[in-house]
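Asks: here you go, sequence then predicted model.
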Amino acid sequence: MDFVLISKIFIYLINLLGFWLAFWIYLFNRKSRINQTFLILTLLILLWIDFAYLANLPSQLNRALFWVRLNFGVISLFFISAYFFSIYFPQEQKRFPILDKAVLGIGIIFFLASIFTDLIIKNVEFKEWGADIIFGRGKDIFFSVIIILTFLILYNLFKKYFTLPKQEKLKIQYFLIGVFIFALFNFIFNVTLPIIRGTYKYYQFADYSAILFLGFTAYAIVKRELFGIKVVLTYLFVGLIAILLLLDTLVFTSQLSLQILKGLILILFLYFGYLLIKSVLLEIQRRQEIEKIDKAKSEFISIASHQLRTPLTAIKGYISMILEGTYGQLAEKQVRPMENVYQSNERLIKLVNDLLNLSRLDAGKIEFSPELNSLEEMVSDIIEELRINAEKKGLYMKIVKSLKPLPKIMVDQDKLRQVILNIIDNAIKYTKEGGITLELKKLDGEEEIKVSDTGEGMDKGELNSLFQMFSRTTAGTQLHAEGAGLGLYVARQFIEMHGGKIWAESPGKGKGSTFYIQLPIHLDPKLLKTKTKTITKAANDIF
Amino acid sequence: MPKKILIVEDEKILAEIYRDKFTEAGFEVLVTFEAEEGLKLAKKEKPDLIVLDILLPRENGVYFLTELKNDLEISSIPVVVFSNFDDPETKRTALRLGVKDYLIKTNYTPKEIVAKIKNYLK
């Protein structure tokens, strides 16, 4: 096909698409600064492309200098609008009025200098592919300022990128992908091809890629829910290869048989590309459905837990007050049943707490907030709290501290407290005589809490499944083991959040058990970021 | 003189339990079921401490805390949140608004909660 004709078709198409994008976005929300700036930005890009096209038209040879100068004037204005766009998009940032005025001022000076003087564009020389620019004395300053402005624009966006929520981050990613495509096309058509083929003839394809940049940006402006970047890259990959194959077939291949062959390859590629995109979309759709179900599940658990807690609190309040004698002294025969009601209610409360914790672990909503804490102080407080329960059963409770006080370490106090409480509470529950011994010591790189009891002990099978959540197949039997199931599973997750270890040992049934918790003295900084992502897998089994 | 506490709690049974327990422990107790009403009572009665639920009809506990902090007349009254709603974000907001503690109701018996409050009033 005639190269001139192809260029003409392209330029009309680009202008049509550009106008449509610009006004679509503008009319979408006329009051938004982002949309207003995008309109200006797009119109300037179209002018930039059109003037460059006109400058290289053989019929415009005598006016080429005029078009090139206009082209560079528009480029100056384009960078001003891109700078302001980077301020407003995707959310307005803190303004620096002096910088804003400086950018505006310099842009206008360059605009005037480009059009009315020979400082930037001195003349044009005609080559077989079009107009070759002879720059003036101001060339270096001009391009330096353009480079500085580009960095300023990227700096504005990157700075915002790290503070914005996920969807807004995606918007910046879309914009940057657009910029990347524009840069890539420029690299291919303005750098690589001139080296390989020794001609700038195809430079306008680099200009045309601006429409992709505009498309990505427009999409990021109007769409509320953006596709993840992987989908976009798939689209992009397929689209880019298709465009390159098309160009290769139509422009760079002159032999008909080769054109037919390449055309066939293009059709095959389009078919498989379509399948690829379809499968990616299907996968995304499935993932979205699963996420929706997960969210509904977590919300249900959250609300149900809260609703369950209210009557449980009332039962707990009344029974405890009855046991304390607020409503008159209980007959001796009544004490035990009331205590049993109280304990059963406590189990329900614990179950609700565990379920809530699990649903949060599952949804990745549990926050890990470590602070410097003394394990000795924490353990002493917990022992004081539980001492009454132990004494009621006639059990001793002792704590063995290391000779030197342990250094404070970074732990999430609430979570660790819950874990230690859970273990000591279990130890009291399963010990009929004797007692519980707590030992604290410093190891190499870790601090250890050891809780030994003289209670029922466990066999190997029980030890193995202790920290796992009950699976559907074993739920029946495991649920009968009072207290087993959720509590220790949650405990393990909480300790693993710290990068620590928790396990239990027992010489066998009737021989007591020992629980170990080891926590690193120096918390791995990575754990602060990963939070709970590692723990969602097993949590899905339960619901 | 007995210490005066204001309980903002919309669950009538729970409000009754806490009122009885705090009265038994020698406090002067004011109870209200709503945030707006609670703010009015706080201004009028100037309690020594406020026990606040988070999920309330109409305006919630966070609204109560924000309004309280903006009113110089009552902003220095200590508040303890006592709720079964343990949403981490709400907890963070409440702590930022200066509450003494954010306690989960089911984890404490009325006796324990009285002991906690006494501790804060020391």
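Replies: Right, received. Where do you want to start?
Asks: which SS state does the residue of the stretch 351-500 of chain A found nearest chain B fall under?
Replies: Going by C-beta to the nearest C-beta, chain B is nearest to A:E367 of the stretch 351-500 of chain A, at 5.0 Å. Where C-beta positions appear, they are placed from N, C-alpha and C, glycine not excepted. Secondary structure, DSSP: H, G, I helix; E, B strand; the rest coil: A:E367 is coil.
Asks: I figured it hits B:D87, correct?
Replies: No: contact between A:E367 and B:D87 fails when scored by C-beta atoms under 8 Å: they sit 10.8 Å apart.
Asks: report the beta-bridge partner residues of the residue nearest the centre of chain B.
Replies: Taking C-alpha atoms, centre = their mean, the centroid of chain B lies closest to B:V51, which sits 1.5 Å from it. When assigned by DSSP bridges, B:V51 has beta-bridge partners B:I7, B:V80.
Asks: tell me if I'm right that it and B:Y18 touch.
Replies: Yes: using C-beta under 8 Å, B:V51 makes contact with B:Y18 at a distance of 7.0 Å.
Asks: any common contacting residues for these two?
Replies: Residues touching both B:V51 and B:Y18 (C-beta atoms under 8 Å, 6 or more residues apart in numbering or on different chains): B:7, B:9, B:113.
Asks: please, which helix or strand holds the residue nearest to the second one when sequence neighbours are not counted?
Replies: It refers to B:E9. Spatially, and ignoring its direct neighbours in sequence, B:E9 is nearest to B:A15 (4.2 Å; C-beta to C-beta, 6 or more residues apart in numbering or on different chains). Element membership for B:A15, per DSSP states H and E: helix B:12-24.
Asks: packing partners of that helix?
Replies: Other helices and strands packing on helix B:12-24, by 3 or more C-beta pairs under 8 Å, 6 or more residues apart in numbering or on different chains; DSSP states H and E, are helix A:256-324, strand B:4-8, strand B:28-32, helix B:110-121.
Asks: deepest-packed of these, please.
Replies: Highest mean neighbour count of the helices and strands packed on helix B:12-24: strand B:4-8, a mean of 22 (counted as mean count of other C-beta atoms under 10 Å in any protein chain shown).
Asks: what residues are up against A:F38?
Replies: Counting by C-beta under 8 Å, 6+ apart, the residues that A:F38 touches are A:22, A:25-26, A:85, A:217-218, A:221.
Asks: who in the stretch 351-500 of chain A is up against chain B?
Replies: With the criterion set to C-beta under 8 Å from any C-beta of the partner chain, the stretch 351-500 of chain A comes near chain B through A:352-353, A:356, A:365-367.
Asks: give the contact list for the one residue sitting closest to the centre of chain A.
Replies: Centroid-nearest residue in chain A, with C-alpha atoms, centre = their mean: A:K166, separated by 5.6 Å. Not one residue lies near A:K166 by C-beta under 8 Å, 6+ apart.
Asks: again with the one 3 residues further on
Replies: With contacts defined as C-beta under 8 Å, 6+ apart, the neighbours of A:K169 are A:Y161.
Asks: which SSE is it in?
Replies: Here A:K169, judged by DSSP H and E, is contained in helix A:166-186.
Asks: what residues sit buried inside that helix?
Replies: A:168-179, A:181-182, A:185-186 (16 or more other C-beta atoms under 10 Å in any protein chain shown).
Asks: ditto for stretch A:104-116
Replies: Result for stretch A:104-116 [16+ other C-beta under 10 Å]: buried residues A:106-107, A:110-111, A:113-115.
Asks: export it to CSV, keeping only CA atoms.
Replies: C-alpha atoms of stretch A:104-116 as CSV (Å, rounded to 0.1, in the frame of the first residue of the first chain):
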residue,chain,number,x,y,z
LEU,A,104,4.1,28.6,33.1
GLY,A,105,6.5,31.5,32.4
ILE,A,106,9.3,29.4,30.9
GLY,A,107,6.8,27.4,28.8
ILE,A,108,5.3,30.6,27.3
ILE,A,109,8.8,32.0,26.7
PHE,A,110,9.8,28.8,24.8
PHE,A,111,6.5,28.9,22.9
LEU,A,112,7.2,32.5,21.7
ALA,A,113,10.9,31.8,21.0
SER,A,114,10.0,28.7,19.0
ILE,A,115,7.5,30.4,16.8
PHE,A,116,8.9,33.9,16.4
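Asks: what's the burial count for the residue of the stretch 1-150 of chain A found nearest chain B?
Replies: Using C-beta to the nearest C-beta, A:Q91 is the residue of the stretch 1-150 of chain A that sits closest to chain B, at 20.8 Å. Residues near A:Q91, counting by other C-beta atoms under 10 Å in any protein chain shown, number 13.
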